[in-house]
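Novice: curious how this folds, go ahead:
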Amino acid sequence: MKKQTTIKSLLQRISWLMLVLSIVPLIISVLIYTRYLFTYERSVGNISEANRIANDVEEKIIEEAWSLTYGQLTPEEFTKSNNVHRIKKEIRQIKKNTQSTQERATLNIVTRSLDNVNNYLEKIVANIEANEPFQENQELMVHVESATNLVHDILQDFVNVEIKLAANQSQQVRQSIIVLSVIEAFIIAAIIFFTRSTNTRLMKQIQQPMEEMIHMADALSDGKLNYRINTLPGNELQKLSNSMNEMADNLVVLLEENALKQYNLAQSEVRVLQAQITPHFIYNSLDAILVLEEMGESEKVKEMTYALSDFFRISLSQGQDWIPVEKEIKHIHDYLIILQIRYGDALTYSIEIEEKIKDYSILKMILQPLIENAVYHGTKLVRRTGKIIVQAFLGEQDELHFYIIDNGKGIPEQKLKEINQELADGLDTDFTEGYGLFNVNKRLLLYYGKEAKITITSIVDKGTTVHVTVPTMQKGATKHVQSFYR
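Specialist: Have a look, this model is predicted:
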């Protein structure tokens with residue numbers, strides 16, 4: 001009996017093949033490019049150091065030698081500040097970073113030349129201590145200058161050697177790229193061939209059975225309880241299809257035996273669910289995406305999907321409480337995009353933000369709940385086109401100001417006084433209404449302290465303005481929860 005091929009084993013074989021076909025050139029590429037990168041960085045470092053040392057040889061050693069000769073430096077001071085010893089130490093350090101014999105040979109010549117320079121300088125010191133004629137030191141300085149010029153020229157030769165080595169390495173990389181390109185071309189051809197050869201098998205063993213089961217699920221959900229799945233290929237889907245057929249058979253039996261009871265129970269459950277379920281942002285957004293897809297609005301589907309993805313990505317922010325102002329604005333922008341696509345012409349918005357505040361840090365998700373309130377308790381309750389305006393700028397005292405303005409229903413004067421009083425009471429209030437507003441106010445007070453505040457102004461049937469003020473924090477800064485109570 002032929003062993004049945006399971007979906008898991010089939011997908012595993014495909015995965016392993018794809019992995020093998022892709023990982024080999026990847027490993028080779030990483031090794032080649034890593035080696036080239038290290039060699040390049042080493043060459044650049046050596047070139048930079050060699051140029052710097054060459055300048056020191058030309059300037060500092062000559063200047064120091066003439067200062068010694070003319071008596072501006074005493075022999076003791078010169079001995080302490082002798083740059084030749086320092087430069088020799090730096091040459092030895094460069095030598096540790098070399099790999100070729102040509103590099104090391106060039107640096108050995110530099111070291112010997114520096115020894116000659118040092119010998120001349122020691123003779124000058126000895127002449128000064130012995131009060132020898134000034135002319136002898138002048139003659140020695142001619143040798144010093146000649147030797148330092150030689151050191152400078154040899155260091156430039158070393159730089160040229162490093163440049164040639166880097167050029168050779170670059171040529172090797174180009175050749176490696178060509179070889180890898182050919183290998184990858186063969187791999188792509190193999191993948192295309194394998195994909196075409198397995199496509200029919202996958203269609204037969206996975207896609208077609210899945211479509212059949214989806215069709216059965218749709219039929220059962222539509223009340224077509226007599227629908228059954230035909231025999232499927234011998235894998236896990238066959239067991240699943242048999243189970244679905246058995247489930248449908250059992251369902252028919254149960255419905256026939258308990259028709260009235262199940263009907264009444266189903267009706268009761270529907271009423272309970274209808275009473276309990278309230279519209280939720282994510283469900284409505286996903287429903288809107290499905291509707292747009294069915295209408296063929298692919299661009300809007302893409303825009304809304306990206307906005308929803310960014311919205312939740314920023315909401316999570318890898319568990320961070322503090323994000324840049326730019327991300328917080330992007331967060332509400334995504335939220336408003338989703339709402340505008342859902343509500344169409346019934347909602348418009350604008351965001352005005354000063355460029356210079358984008359890099360400040362801010363406590364995340366303090367604006368979105370306020371905008372949600374502005375829409376659901378403001379613009380949504382009026383017949384005119386709703387408009388949300390968001391403004392953000394830096395104040396005179398280096399504080400951040402955020403305004404959320406809507407043209408919605410507004411808040412009655414007495415109710416507005418109560419809300420502002422509860423906002424002013426801060427952590428001491430129970431805040432019986434407006435959970436989103438309370439949550440934002442509480443978080444602001446806990447994280448920023450009394451420097452943060454929310455104030456609201458409103459005119460009935462005209463609209464509401466929510467003003468949030470928080471102190472500035474530099475990008476990347478964090479602040480722990482404030483340990484205080486009013």
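
Novice: could you pull up the residues touching the residue lying closest to residue 69 once chain neighbours are set aside?
Specialist: Once flanking residues are discounted, residue 69 sits nearest to residue 137: 4.8 Å by CB to CB, 6 or more residues apart in numbering. Using the backbone N, CA and C atoms, a C-beta is placed for each residue, glycine as well. Residues near residue 137 by CB atoms under 8 Å, 6 or more residues apart in numbering: 69, 124, 127, 128.

Novice: one more: residue 338?
Specialist: Listed by CB under 8 Å, 6+ apart, the contact set of residue 338 reads 285, 288, 304, 307, 308, 311.

Novice: which residue ranges form the strands in the stretch 251-400 of the chain?
Specialist: Using DSSP state E, counting those that start in this stretch, the strands assigned to the stretch 251-400 of the chain run over residues 322-324, 347-353, 361-363, 386-394, 399-406.

Novice: could you do the stretch 51-200 of the chain as well?
Specialist: Under DSSP E, counting those that start in this stretch, the stretch 51-200 of the chain gives no strands.

Novice: low-confidence ranges, it, go.
Specialist: Within the stretch 51-200 of the chain, the ranges that satisfy pLDDT under 70 run 198-200.

Novice: domain parsing for the chain?
Specialist: 7-191, 225-276, 283-471 (automatic domain parsing).

Novice: is it possible to export these to CSV including distance to residue 209?
Specialist: Formatted as CSV, the domains of the chain follow (distance: least, CB to CB, whole Å):
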stretch, distance to residue 209
domain 7-191, 9
domain 225-276, 4
domain 283-471, 24
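
Novice: and those: which comes nearest residue 212?
Specialist: Nearest to residue 212, of all these, is domain 225-276, at 5.5 Å by CB to CB.

Novice: which of the contacts of residue 137 lies closest to residue 82?
Specialist: Ranked by distance to residue 82 (CB to CB), the contacts of residue 137 are led by residue 124 at 11.6 Å.

Novice: tell me how far that closest one lies from residue 296.
Specialist: Between residue 124 and residue 296 the distance is 91 Å, computed by CB to CB, to the nearest Å.

Novice: look at the two and report which has more neighbours.
Specialist: residue 124 (22 against 9; other CB atoms under 10 Å).

Novice: my guess is that one meets residue 65, correct?
Specialist: Yes: Residue 124 is within contact range of residue 65, at 7.0 Å (criterion: CB atoms under 8 Å).

Novice: which neighbours do those two have in common?
Specialist: Counting by CB under 8 Å, 6+ apart, the common neighbours of residue 124 and residue 65 are 141, 144.

Novice: tell me where the model's unsure across the stretch 301-450 of the chain.
Specialist: Counting by pLDDT under 70, the stretch 301-450 of the chain contains low-confidence ranges at 316-319, 427-435.

Novice: now do the helices in it.
Specialist: With DSSP state H, counting those that start in this stretch, the ranges of helices along the stretch 301-450 of the chain come out as 325-343, 368-376, 413-425, 435-448.

Novice: what residues sit buried inside the shortest one?
Specialist: When you say that, I think you mean helix 368-376. Counting neighbours by 16 or more other CB atoms under 10 Å, one finds that the buried residues in helix 368-376 are 368, 369, 370, 371, 372, 373, 374, 375.

Novice: same list (the residues you listed) but as CSV, adding distance to residue 251.
Specialist: Converted to CSV, those look like this (distance: CB to CB, whole Å):
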residue, distance to residue 251
368, 44
369, 44
370, 49
371, 46
372, 42
373, 45
374, 48
375, 43
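
Novice: just the residues you listed now: which is nearest residue 120?
Specialist: Residue 120 lies nearest to residue 368 out of the buried residues of helix 368-376, by CB to CB, at 76.0 Å.

Novice: before we move on, back to that, looking at the strands of the stretch 251-400 of the chain, which one is packed in the most?
Specialist: Comparing the strands of the stretch 251-400 of the chain by mean neighbour count (mean count of other CB atoms under 10 Å), strand 361-363 ranks first with a mean of 23.

Novice: which strands and helices lie in contact with the helix or strand where residue 239 lies?
Specialist: Using DSSP states H and E, residue 239 sits in helix 236-257. Counting contacts by 3 or more CB pairs under 8 Å, 6 or more residues apart in numbering; DSSP states H and E, helix 236-257 packs against helix 7-56, helix 208-221.
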